[in-house]
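Participant: kindly return the folded structure for what I paste below:
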Amino acid sequence: MTATKRPAPAEPGGRPSDETAIRVSFRRYAGVRTRVLEVGEPEPEQPAARRALRRRAAAPHVRPTAPRLVLLHGYCDSADTWRPALEQLAAAGIPAVAVDLPGFGDAQPLRPGPMLPQLDAFATAVVREQAVLGSVVLAGNSLGGTMSLRAAQNSRLPISGVVSIAAPGFVDSWLIRAVARYPLPLRLYSSLPVPVPGFLVRKVAEQVVPRLLYADSGAADAGQVQRFTALFPDYRATKSRLEQARQLVAELADAYRLDSVEVPLLVVACGKDKLVTAASGRQLHTLVPHSRLLVREDWGHCPQLDDPVEIAELLTYFAASAVRTTQAKRAAATASKAVGEDTAAG
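Facilitator: Okay, the predicted model is just below:
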């Protein structure tokens, strides 16, 4: 399943640096080849070792219980958005993986048709693989937050908890609503007889991207901004992304069945988010009564870029708490079932 891996050079003294401790591989989930960033204990390479782990995971009483984070990025983003947080998690010894979702980063493109079902199948395959190694806690930003919530709606998936950061589809900003309505300026842009020159598209993207993603555009990392602007190299690519965004916003109208979410849920809302307002997070918290809500007025749409140190700490503490809670619930359910069977037998 792993096609390539990048070795981690060591610092003086033999210990890998936090950044180089991020292992890069290419794997296939639900038929989609994608790139995976990983920290912590690697998956066993030998087929026999992998089969042994899968047999162990198939037995509930010996299922591995250590928290393992699965990180999902947002629309027009990639797993690289989690690199700063992964460096922190690596230093703390927390196992985690971040993947390029289909259609983004180095993953294969989405197929024609509805997007969310394809992303669901992909996320399901990632969760099932990682559940062999530990208790999975999903954390997603923006579209990744949506995919985490949708995965939590599936009671058959072995998920111990979910962190949803700025998930759209509840109380969104004027910008997302504008994409959905497809107003005149966007229609005019898409129908221009002469394409806008590529250099002009990139210049506009360089100005817009930091303002949309960061709480403070002046503090934006140049490398991260360049990564985003590379998605809009010319008029044709920008038009395609706009059409894809319209389709996604339309699918979000019927994306959630939140009464099915039973696992621990942490909702993160960001006060300086220009794409998904903090009110959206508060609405999600209201719709899932057992959830916890964190509102940070100083974070933007991608807090993993604004404050990776605190995001890593937040994910670490929540994951440990969620796994304990889920294990306790499962133990109580097993005990209750056993008592019921004994009573019926008597």
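Participant: drop to CA atoms for contacts and neighbour counts, all remaining ones
Facilitator: Fine.
Participant: do a quick rundown of the strands in the stretch 1-150 of the chain.
Facilitator: Secondary structure of the stretch 1-150 of the chain, counting by DSSP state E, counting those that start in this stretch: strands at 23-29, 32-39, 67-72, 96-99, 135-141.
Participant: and stretch 283-297, end to end?
Facilitator: 16 Å (Cα to Cα, to the nearest Å).
Participant: returning to what we had before: what's the most buried one of the strands of the stretch 1-150 of the chain?
Facilitator: With neighbours defined as mean count of other Cα atoms under 10 Å, those peak in mean count at strand 135-141, which reaches a mean of 28.
Participant: neighbours around Ala230, how many?
Facilitator: The number of residues packed near Ala230 is 13, by other Cα atoms under 10 Å.
Participant: how much space separates it from Gly93?
Facilitator: 32 Å.
Participant: redo the strands of the stretch 1-150 of the chain as TSV? Include mean pLDDT.
Facilitator: Output for these, formatted as TSV (pLDDT from 0 to 100):
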stretch	mean pLDDT
strand 23-29	97
strand 32-39	98
strand 67-72	96
strand 96-99	98
strand 135-141	97
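Participant: of all those strands, which one is nearest Ala121?
Facilitator: Among the strands of the stretch 1-150 of the chain, the nearest to Ala121 by Cα to Cα is strand 23-29 (8.2 Å).
Participant: quick check on Leu248: phi, psi?
Facilitator: phi -60, psi -40 (degrees, to the nearest 10).
Participant: now do the contacts for it.
Facilitator: 115-116 (Cα atoms under 8 Å, 6 or more residues apart in numbering).
Participant: helix/strand/coil for Val263?
Facilitator: Following DSSP: H, G, I helix; E, B strand; the rest coil, the label given to Val263 is coil.
Participant: what's the spacing between the closest residue to it other than its chain neighbours and Ser148?
Facilitator: Excluding its sequence neighbours, the residue lying closest to Val263 (Cα to Cα, 6 or more residues apart in numbering) is Gly161, at 5.3 Å. Gly161 sits 9 Å away from Ser148, going by Cα to Cα.
Participant: any residues in contact with both of these two?
Facilitator: Leu138.
Participant: ok so, going back, direction included, what does the helix or strand where the residue nearest to Val263 lies pair against?
Facilitator: According to DSSP states H and E, Gly161 maps onto strand 159-165. Using DSSP bridges, strand 159-165 pairs in its sheet with strand 135-141 (parallel), strand 265-270 (parallel).
Participant: just want the angle from it to strand 67-72.
Facilitator: Using axes from the mean of the first three to the mean of the last three Cα atoms, to 10 degrees, the direction of strand 159-165 lies 40 degrees away from that of strand 67-72.
Participant: tell me the mean pLDDT over strand 159-165?
Facilitator: In this model, strand 159-165 carries a mean pLDDT of 97.
Participant: quickly list what the most centrally placed residue in the chain is bridged to.
Facilitator: Central residue check for the chain by Cα atoms, centre = their mean: the C-alpha nearest the mean position is that of Leu72, 1.6 Å away. Leu72 has these beta-bridge partners by DSSP bridges: Val99, Gly140.
Participant: wait, doesn't it sit right on Gly144?
Facilitator: Yes. Using Cα atoms under 8 Å, Leu72 is in contact with Gly144, at 4.6 Å.
Participant: relative to Val276, which of the strands of the stretch 1-150 of the chain is closest?
Facilitator: Judging the strands of the stretch 1-150 of the chain by Cα to Cα, what sits closest to Val276 is strand 135-141, at 10.7 Å.
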